[in-house]
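S.K.: task: produce atomic coordinates for the following.
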Amino acid sequence: MSLKAITIADDDSLVGHLDPGPVDLLLCLGDLWDMSLEKAHARYQPEAAFGVKGNHDSDAPFPSLIQPVHCTVKRIGDLTIGGFNGSWRYKPRGHHLFD
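M.R.: All right, here's what the predicted structure looks like:
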């Protein structure tokens, strides 16, 4: 099975400007506003949407359209998706910083 996917991360200005048409999978890889995630979901109409929080994200949950994959595994077709939020601890405070 071949999946059509789009991955977004870090740059909210690109959301909606990429034009792959409807996709099977939307991967959100952090540091995006909830409004951008909702816009991407509406624009790309994915069958499934998975995400991890970036080191600049808040600790609030994802919008209900995005399934978190931090320390878990999800499947779509023959593809297995898993991930980790954030990054290595490079500053004293913040969400999603790990040692």
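S.K.: what about the strands in the protein?
M.R.: Per DSSP state E, the chain carries strands over the ranges 5-8, 25-28, 48-51, 67-68, 73-76, 79-82, 87-88, 97-98.
S.K.: strand partners of the second one, parallel vs antiparallel please.
M.R.: Partner strands for strand 25-28, per DSSP bridges, with pairing direction: strand 5-8 (parallel), strand 48-51 (parallel).
S.K.: tell me the most buried of the ones you listed?
M.R.: strand 48-51 (a mean of 22; mean count of other C-beta atoms under 10 Å). C-beta: built from backbone N, CA, C; applies to glycine.
S.K.: please export the C-alpha coordinates of that one as PDB.
M.R.: Extracted in PDB, the C-alpha atoms of strand 48-51 (Å, rounded to 0.1, in the frame of the first residue of the first chain):
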ATOM      1  CA  ALA A  48      -5.000  10.000   9.900                       C
ATOM      2  CA  ALA A  49      -3.100  12.700  11.600                       C
ATOM      3  CA  PHE A  50      -0.300  12.000  14.100                       C
ATOM      4  CA  GLY A  51       2.000  14.400  16.000                       C
END
